[in-house]
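Student: What would the 3D arrangement of this be:
(4 chains)
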Amino acid sequence: MPKTRVGVFVCHCGNNIAGVVRVPEVVEYARGLPNVVHVEDNLYACSEEGLSAIKEQIAEQNLNRVVVASCTPRTHEPLFKAACEEAGLNKYLFEFVNIREHCSWIHMHDPARATEKAKELVKMGVAKACYLEPQEELESEVFPAALVIGGGVAGMTAALNLGRQGIQVHLVEREQELGGLVRNVRTLFPTEQDTEELLEPLVEQLKSHPQITTYLGGEVENVDGFIGDFDVTIATDRQTKELKVGTVIVATGAHELKPTGFYGYSRLPNVVTQLEFEERFKQEGADIPRNVVMINCVGARIPERTYCGRFCCTTAIKNAIWLKEQDPEANVYVLQRDVMAYGVDIEKFYRRSMELGVRFVRYDIENPPQIMGEERAEAVKAYHQLMGREVVLPADLVVLTTPLVPREDNERLSKMLKVPLGSEGFFLEAHVKLRPIEFATDGVYVCGSARYPSNIPESVSQAYAAAAKAAIPIRDGLVRVQAITAFCDEGTCTACGNCVQVCPFGAIELQEGRFGTTARVNVAQCKGCGCCVAACPSGALQQRGFDDRQLFSMICALAEEMTSGFGG
Amino acid sequence: MEDRLRDIVKKLLAEGGMEYLIGYCQGAEPLHVVPCFVIRQDDVEKLIWGPLCLQNLSKYVLQARELEGKVGLLVKGCDARAVVELLKQNQIERDKIVVVGVPCQGQVVPAKLEEVLGVPMEEVDGVEDIGEAFLVTIGEERREIPKEQVLREKCFYCKHPTSFEYDFTLGEMVPFSIDADKGEFALVEELEQLPLEERRAFWQKQFERCIRCNACREVCYACYCKECMFDKKMPRWLSKTPFLSDNQLYHLIRAFHLAGRCIDCGECERVCPMRIPLSRLYKKVQKDVAELFGYEAGIELDEVPPLVTFELEDQDPFM
Amino acid sequence: MVLEDRGGDGFEPKILIFACNWCSYAGADLAGVSRLQMPPNSRVIRVMCSARVRPEFVITALSQGLDGVLILGCHPGDCHYSEGNYLTRRRGLFLKNLLEYMGIEPERFQVRWVSASEGAKFADIVEEVTGQLKGLCPNRPPGHSE
Amino acid sequence: MSNRSVLVIGGGIAGIQASIDLANMGFQVCLVESTPSIGGRMAQLDKTFPTNDCSMCILAPKMIECGGHEKVHLLTYSEVVEVQGEAGDFKVTVRRKPRYIDLAKCTGCGECVEKCPRRVPDEFNMGLEKRKAVYLPFPQAVPRKMTIDAEACLYLIKGRCRVCEETCQAGAIEFGQEEELLDLQVGAIVMATGFDPYDPAPLTEYGYGELENVITGLEYERLICASGPTGGNLQRPSDGKVPQLIAFIQCVGSRDVNYKPYCSSVCCMHATKEAILANEHYPELESFIFYTDMRAVGKQFQEYIIRAREEYNVSHIRSRPGKITVDEESGNPIVWYDETMFSEAGDPVRRVTSMEVDLVVLCQALVPHGVHREMVEKLGLELDESGFLAIPDKLIRPVDTTVLGIFACGFCQSPQDIPDSVVQASAAAARVAELLTPQE
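Tutor: Numbering: from 1, shown residues only, chains lettered A, B, ... in the order given. Here you go, the predicted structure:
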């Protein structure tokens, strides 16, 4: 076996690390660690310069282990692994040490101890690196079909796009009709078309597309498996169907908040939500009220629900414009806390509504409007910030602008798909900035208001984006399994069966072999959790990249300065 | 009872298919009973049975794996749990063993007997179970010794006086109660009630003595690994020198490995040359497994070991 | 290098944290990204799932003199691998009782659930456990090498 | 048979994302970027809201993935000259400007930069610093290759110097290089040309260009950035003093019918982020954001605003300042604005008041990139009334332009933040895939 030669690369990350951690000290310290033959620091280890430094040193110093101390492996590991590979070093001989998120950024006021910590983290990383071994990755095929959960505008768009890419699609909609929340909407922003003009052709194209199967009144009962190979159970009124798909898109949408308890809603007959307003006037011939007061941010941007509903202002503007167009004499007031008319179209819309005579009155969360009237709302009393006094606005109809809220079902779906929800209860994407429609779990994507309230152009863009992501593995045809899978040293395995019992994926079986009955891991099914390893008393089960020697050596490296314990 | 035992074994040997039977025979000294392997009909007469047959013989049954035929095994009720566990842990196939169950009404701790009698062990000629008491023969003299004075700790709360896993049995016995007040986990509870520091001091005092001779491991039926993790070069969990912290690590890890496996045979404590009260550790393991997860080792063949399964409703003090 | 700090008023405990890749490590990253400040006493070892952590690791760490060990995993029900954290919960519960029985302070070994969005919880836990351990003596045996 | 190649115009985050997705879908991608490196505006940002993720940290891996992708052909320092044909079969001519560097030989070592005697304003740092005539636009540039600025190089303008040539051990300097015209055939085109900051000089009331301590948002971004000209030390232009009070003025040129009527979408959050960063650097520092509506509509945005107020000394003042003057002695800008006061009788009185601060940051409107109009003409596209690309069916084809086969993502089609741009980039990739898949 060749001698272990570790190279350590410490990143300044501009000032992000070097502004707190004394990088030169860490470099000096690393030089003294066992098996370390090369140490250097880089302004940005992830820049091409930093990466080529790594590649050069692998060649020059004959490095067979590389340790980079910089940021989080969760975003940057692939980059450095690729660099190692380019230099001819198996990428599993790379170890990442996080001295930014886990050190410099959280100990900004204690450079001395942050530096000590960084040294120890590097030491631990080097200790582990010495026990790393080269690994081969397994490739597995991707089943060429996709599942889209939710038949609203987002789900339909995603399904159609995938279908038109020649990919087989299963679309599950829980209602008996496609269209989702939008079905109840009267006209659509920004084109002000009738909803039917959008929905009907979409539904038609979807139903006639040969690659798309739609399950109305359907529920996803179960999803098992992983990217490329999901087993899905769909139940409809008539049947339970087992499917195989390669990727999954979540497009389950959201609900409009029904603001019971706010402004007499559900008690007073003429206090309705924006969606109820649209439903009411979707029918021809409904009387157009003369005095309408809309109250925005009902149930949103409050301590109990801090988020902004994003497009509820647009909805209020749209409905206010419609009212003024029906009856230019109508008095339409919108009580608002900030008019979220972002971008070109909404701002234009907002300006148009003002030109038409819609009046916007700003209210303060500390001083909310009050509904006057017992049996029905007669007027709304509001504190007019600019006028500095209370105004009383007569109201035939009060319309409450409420945000979309997450579906209760999200939790069930999130557990089934093993993807997280954020604190508001919407699906939580892999990275809010650069991976907005992906999950950390491979092969599952999200779009539309299931992720966060979005208007139609936004939902549709997201749907296309999700379709792009869901199409990639299918078009590629292969996924590569990271070599962090478990394996069994059959020579020491006693076949006690603990591993078989704990494996959540049924990836381990007892089999007869050279050493009698022993456990054996099916790598294609192994997801690399390592549950089995911890359950194995003999230590025969191990996990690639996280084996006992590697983790043990990290503990020892950290504990080396300590005297032994169990004192108190 | 010994006669009936010998008859059964003779018959089994005569029938063929059984390579040998593991039983007990008299050792060099009267109070010293040792395991023996009965291979031929001639050997059968060596077999004995009585309150000094202390060993859990199931440790030896694993040899059957290497043999063509079956292995016979003499088991007390307590030791039968080990047999069940070995079956559960896939260490032996049921049709490779012949289990002969012997009813037992308590085992004697020779050291306690010596103390009670005030006579050196070599002078004692025999001990016989007469139901309420043990009848001890010292030369011509016969003395009845109340059981509670000399009984093994585990026998005080014996729940399985008869083997419940057997091919042949020498009869049933009802569970007996020597000291009704003394609960199974009394000694553990006593320790649990001590303040933390005193518990620590207690165990430190015990483990300071450990010389890491590994006798507890060697005797344990559940220590059947091909290579013990403690013997591996890497990770080297233990230093070679028996530091206190390493000794504690050794016993804690063993205790963890035995969670759901320890069947309270008490052999580890019996063989410890430094007299470390290991039962106090392993009774705790059994107690927690029972209280936290409702599990008792070695009873049901199809019950899943407690630490490789879970319930959604498990206690969760970690929120 | 930290030896001189140990014992006395300036005692700075050293805490080993095992964090699962999907929730807790991400939560720790979020704490970093959010610049939540916390005492520099902890060191994180990343594992894919909390259930990868052998109890032997915990025992070893304590035996080697680390002052505390934390296992952080996804909240029950949220495990990336469906059920790993339920196993962690059982093992943790059992180990915790055993360690306490041996006279080891309960603060020295803890299991907690930290999600990817709980950067603040991660910071709070580090703060809290560091404080707890400062209230104890350094983890060292009597009559051994000091 | 449709051509399975795609042209992406613009190497900012949208163009990068579109290229990566298309390449991963199996298309051959040609990414044309006019500057020497991909990265775009996002590369200039210090941190990004609402997580304060370091912008370069999350962008760099994408840049490298894109630059290193076997199916992506990077054409930096290049421009689209002409486009002919139709969906499925566009013929594109691209001009590669001479960078006087042999890309194959240049190692990016930077020795030539050290020796180059000529200094010119550095556009990456918004002119707040100088760069050399031979330069790498920023440390993480992809490709990591030098460029000689023909307008600044002494040899190229005056015929003498050539120090770089003597220095370069790799022999990568190539003064004989001429522009190259490349012909490409592609099936589809994705526009991702991004934005430019609006020059606030026409808003004379704010004194930009006159008053030293009135700077723009992007200038501020470079000042607060660790890799910027001051190493992240916030120093105001007039005297290098670290400001204690900063005023941010929103909607400078935006939401103003005299200039740009639209809302630029990102400035409320951008200003709040800048104020948070300032306070992170200097805990005593206080910021005032003068705004019209606080448009924080994304995920975790409201929470970000609340955190800014509660933890980072940020105050939001709802007012649009009318004028900025300067205190001659201190160089401090004085912001004049309307506020509602109450008389003793409790009646509200609007009155003009002023606030003296150390630094004013103008959060100016963002406008389509300078190359935008030219590209629009070459591609035969249409503009909307605000100058962004016209999207005929926003509802169901939000990334389709008026020309079949040409798609648009990111700021060139409407003001939006990074996640929305990334979404549109992937959406454009999906639309391309749909277009270039033979339909039965």
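Student: CA only for contacts and neighbour counts going forward, please
Tutor: Noted.
Student: What number of residues are in the vicinity of residue 39?
Tutor: Let's take chain A. Counted with other Cα atoms under 10 Å in any protein chain shown, the neighbours of A:V39 add up to 21.
Student: Let me rephrase: I mean chain D.
Tutor: Neighbours of D:G39 using other Cα under 10 Å come to 27.
Student: per-residue pLDDT, it?
Tutor: pLDDT recorded at D:G39 is 97.
Student: Against chain C, how distant is the residue nearest to it when sequence neighbours are not counted?
Tutor: Using Cα to Cα, 6 or more residues apart in numbering or on different chains and skipping the chain neighbours, the partner closest in space to D:G39 is D:G12 (4.8 Å). According to Cα to the nearest Cα, to the nearest Å, D:G12 stands 23 Å off from chain C.
Student: For residue 6, name its beta-bridge partners.
Tutor: Here I'm looking at chain A. With DSSP bridges as the criterion, A:V6 is bridged to A:V36, A:R65.
Student: my bad, chain D
Tutor: D:V29, D:A188.
Student: Per-residue pLDDT of it, please?
Tutor: pLDDT, D:V6: 98.
Student: cool, D:A425 as well?
Tutor: 98.
Student: Give me the three-state assignment for it.
Tutor: Assigned by DSSP: H, G, I helix; E, B strand; the rest coil, the conformation of D:A425 is helix.
Student: Excluding chain neighbours, what is closest to it?
Tutor: Going by Cα to Cα, 6+ apart, D:A425 has D:A18 as its nearest residue, at 4.6 Å.
Student: The one you found: neighbouring residues, count only.
Tutor: D:A18: 34 neighbours (other Cα under 10 Å).
Student: Go ahead and list the helix or strand containing it.
Tutor: helix D:13-24 (DSSP states H and E).
Student: follow-up on the earlier one: test for you: state the pLDDT assigned to the residue nearest to D:A425.
Tutor: D:A18 is given a pLDDT of 98.
Student: for it, what are its contacts?
Tutor: When contacts are counted by Cα atoms under 8 Å, 6 or more residues apart in numbering or on different chains, D:A18 touches D:V8, D:V190, D:V422, D:A425, D:S426, D:A428, D:A429.
Student: Please flag which of these sit within strands.
Tutor: Among those, DSSP state E puts D:V8, D:V190 in strands.
Student: biggest separation within the contacts of D:A18, which pair?
Tutor: D:V8 and D:V422 (14.0 Å; Cα to Cα).
Student: and the direction of the helix holding D:A18 versus that of strand D:5-9, what angle?
Tutor: When axes from the mean of the first three to the mean of the last three Cα atoms, to 10 degrees is applied, the directions of helix D:13-24 and strand D:5-9 differ by 170 degrees.
Student: residues from the stretch 201-319 of chain B in reach of chain A?
Tutor: By the rule Cα under 8 Å from any Cα of the partner chain, the part of the stretch 201-319 of chain B lying against chain A is B:224-229, B:234-235, B:245, B:248, B:257, B:307-309.
Student: What is the nearest of those residues to A:R310?
Tutor: Using Cα to Cα, B:T309 comes nearest to A:R310 of these, at 45.0 Å.
Student: Now whatever residue of the stretch 1-150 of chain A ends up closest to chain B: closest residue in space that isn't a chain neighbour?
Tutor: Nearest residue of the stretch 1-150 of chain A to chain B: A:Y131, at 10.1 Å (Cα to the nearest Cα). Nearest in space to A:Y131, with sequence neighbours left out and distances taken as Cα to Cα, 6+ apart, is A:Q550 at 5.6 Å.
Student: pLDDT averaged over the helix or strand containing that neighbour - what is it?
Tutor: According to DSSP H and E, A:Q550 maps onto helix A:548-559. For helix A:548-559, mean pLDDT is 96.
Student: again, but for stretch D:103-118
Tutor: Here the average pLDDT along stretch D:103-118 is 86.
Student: End to end on it, go ahead and measure it.
Tutor: 22 Å (Cα to Cα, to the nearest Å).
Student: Isn't B:P51 up against B:I130?
Tutor: No: counting by Cα atoms under 8 Å, B:P51 stays clear of B:I130, with 10.2 Å between them.
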